[in-house]
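*Asks:* Sequence and predicted structure below; questions after.
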Amino acid sequence: MSNFMRIIASVIGILTVLISGCNFLQFHSRKWVILMLPKMIANTLAPGIAVLGVICAIIGIVFWAPLAIISGLAGGLISTIYLWRVINAKADFDKEFGPHWLEKIPAEQRQRLPQKRWVVWPSRLPEVRFERDVVYWKIPGTDRGLLCDLWQPSPDGFHSGIALIYLHTGEWHFADKDFGIRPFFQHLVGQGHLVMDVAYRLCPETDLFGMLEDIKRAVAWMKMNAARYSVDPDKVILAGGSAGGHLALLAAYTAGCPEFSPEDIQNIDVHVRGVVSYYGPPDLTAFFEEGYGRVNPPKKVKEITGNLLGGSLEQRFDLYRKGSPITYITPDCPPTMIFQGQHDCGVPVSSTRSFWDRLVKAGVPVIYVEYPLTEHGFDLHIKAIAAIAKKALKLAKTNSSLEDISQYSPAAQTARYDLDRFLALMSSCKAA
């Protein structure tokens, strides 16, 4: 029995070292990107890996297994370092909203905010109203409607007035609404916000600018139906992850550009109160040259860029600039919140830092949070990421308990902590 325990503890200890060590990996080429999923597991499950490592070390002490002791303590220490660094990656609200910014939020709403950046056991998610497959626009000449899901507070619950329009991830080609992010929506509804989870058209059915029109139609629909859903039409927020984050930024920053608004909503104001990007590429040139383009096969990159923008960077440089949020930075851009992983293999952190710097210089209120050693997709559950990698999207339907794993992710939890404060400010403060 003693030998068996020594072997098991040593093997598990070694595994904790190998997995937690993935936190320090950063991918710059296709050669090593196969390790992206283990790294995301290491990021998401860092607290559990730390505990597991300590348990292995304790078993090693009891049964005297030096390898289990050393490997368990090493794996636990590495994961603890990652956890500590992420928790301390804080948003600087004082700089943008003044030292007394928290006092701008009404007491009732302030009391609902999470009090800790990360907790071992997340609080129970609230029951919410869920309205599936609401048509927000019909494609002309067809019977097909573009759909959204609406997540709403209970009628007698707290309502912030915020309507957050969320745009899913998926490389502009894959995934759908209701994709690996239900706990996030339930959390937001618990803060009193309505969430509109949008299914926009994807490539190759349309290109980037067709998607942009769909999103602006979603904004227009939400504003026109604001009274019906007890939200303030002046408190619409755009948000999204990865490709959805890029589209959210682009739609928010081009709200005043008639060339990007379809004729059927030309007379509707599609400006938004704020915009939130989870690791969305702000500069498509950098994205395809320095990030995504380096870690994916040339054939795939050619297909993605061809469908999205009609050709390669050399062929359609003008469209890459036209499709980049960084092109449209002006002092009139809405307040912006950006979440970025330092080790994001697709979205170069340098391009996001440059984007942030230009927003600051333009005088745009912007909150930037960068998570050390963190990979792309840190807020999604692992099953959804694996499904994107395999193109097996049906496997990622969120009726699985695996979706709850994302709630334990240090980066996901701390992002919610800061996002809640940003949205509370957007709800409480008057638009500029």
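*Replies:* The structure has been received and is ready for your questions.
*Asks:* Just the element for the closest residue to Ala65 other than its chain neighbours, please.
*Replies:* Closest residue to Ala65 apart from its sequence neighbours, by CB to CB, 6 or more residues apart in numbering: Arg6 at 3.8 Å. No exception for glycine: its C-beta is placed from N, CA and C like everyone else's. Assessed by DSSP states H and E, Arg6 sits inside helix 2-21.
*Asks:* How about residues contacting stretch 418-432?
*Replies:* Residues outside stretch 418-432 that contact it (CB atoms under 8 Å, 6 or more residues apart in numbering) are 90-91, 93, 97, 101-102, 104-106, 109-110, 113-114, 160-162, 164, 188, 191, 193, 234-235, 237, 273-274, 276, 334-335, 337, 339, 367, 369.
*Asks:* where along this structure do the strands fall?
*Replies:* Using DSSP state E, the strands of the chain run over 129-138, 145-152, 163-167, 194-198, 236-241, 274-278, 336-341, 366-371.
*Asks:* mind listing what's buried in the first one?
*Replies:* Applying a neighbour-count criterion of 16 or more other CB atoms under 10 Å, the buried positions in strand 129-138 are 130, 136-137.
*Asks:* If I look at the residue nearest to Ala65, what pLDDT would I see?
*Replies:* Residue-level confidence at Arg6 comes out at 86, pLDDT.
*Asks:* List the residues that contact it.
*Replies:* 60, 63-65, 68.
*Asks:* lowest average confidence, helix or strand, in the protein?
*Replies:* When each helix and strand of the chain is scored by mean pLDDT, DSSP states H and E, helix 382-390 comes last, with a mean of 56.
*Asks:* thinking Pro348 is in contact with Thr285, fair?
*Replies:* No: with contact defined as CB atoms under 8 Å, Pro348 does not count as touching Thr285 (10.4 Å).
*Asks:* Of all the strands of the chain, which one is nearest Arg416?
*Replies:* Nearest of the strands of the chain to Arg416, taken as CB to CB: strand 336-341 at 10.0 Å.
*Asks:* and that closest one, what's its mean pLDDT?
*Replies:* Mean pLDDT, strand 336-341: 98.
*Asks:* Show the contacting residues for Cys148.
*Replies:* Contacts for Cys148 (CB under 8 Å, 6+ apart) come out as 133-134, 136, 177, 196-199, 218.
*Asks:* mind putting those in CSV, distance to Tyr253 and pLDDT included?
*Replies:* Listed next are the contacts of Cys148 as CSV, based on distance: CB to CB, whole Å; pLDDT from 0 to 100:
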residue, distance to Tyr253, pLDDT
Asp133, 30, 96
Val134, 26, 97
Tyr136, 21, 97
Lys177, 23, 92
Met196, 20, 98
Asp197, 22, 98
Val198, 18, 98
Ala199, 22, 97
Ala218, 16, 98
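*Asks:* so where's this structure shaky on pLDDT?
*Replies:* Residue ranges of the chain with pLDDT under 70: 1, 381-407, 430-432.
*Asks:* quick check: domain ranges of it?
*Replies:* Domain assignment for the chain by automatic domain parsing gives 2-86, 95-428.
*Asks:* How far away from the center of its chain is the last one?
*Replies:* The offset between the C-alpha centroid of domain 95-428 and the centroid of the whole chain comes to 7 Å, using CA atoms, centre = their mean, to the nearest Å.
*Asks:* which of the contacts of Arg6 are buried?
*Replies:* Neighbour counting with 16+ other CB under 10 Å marks 60, 63, 65, 68 as buried within the contacts of Arg6.
*Asks:* ok, which pair from those residues is furthest apart?
*Replies:* Largest separation among the buried ones among the contacts of Arg6 by CB to CB: Phe63 and Ala68, giving 7.9 Å.
*Asks:* Spell out which residues are contacts of both of these two.
*Replies:* Overlap of the contact sets of Phe63 and Ala68 (by CB under 8 Å, 6+ apart) consists of 6, 9.
*Asks:* neighbours of Glu375, just the number please.
*Replies:* Neighbour count for Glu375, taken as other CB atoms under 10 Å: 30.
*Asks:* any idea how far it is from Glu263?
*Replies:* Per CB to CB, to the nearest Å, Glu375 is found 41 Å from Glu263.
*Asks:* Same check on Leu164?
*Replies:* Distance from Leu164 to Glu263, counting by CB to CB: 27 Å.
*Asks:* Same drill for those two, tell me which one is more crowded.
*Replies:* Just comparing Leu164 and Glu263: by other CB under 10 Å the higher neighbour count belongs to Leu164, 29 against 8.
*Asks:* Touching, the more buried one and Gly240? I think so.
*Replies:* No: counting by CB under 8 Å, Leu164 stays clear of Gly240, with 10.1 Å between them.
*Asks:* And the closest residue to His271 other than its chain neighbours, how close does it get to Leu35?
*Replies:* Leaving out its chain neighbours, the residue that sits closest to His271 by CB to CB, 6+ apart is Ala255, at 4.3 Å. According to CB to CB, Ala255 and Leu35 sit 40 Å apart.
*Asks:* more neighbours, these two?
*Replies:* Ala255 (20 against 15).
*Asks:* Was I right to think the more buried one contacts Arg273?
*Replies:* No: the criterion here is CB under 8 Å, and Ala255 misses it with Arg273 at 11.0 Å.
*Asks:* if we can go back for a sec, for PyMOL, what selects the buried ones among the contacts of stretch 418-432?
*Replies:* Buried members of the contacts of stretch 418-432, defined by 16+ other CB under 10 Å, are picked up in PyMOL with:
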select buried, resi 91+93+97+101+105+109+114+160+161+162+164+188+191+193+235+237+273+274+276+334+335+337+339+367+369
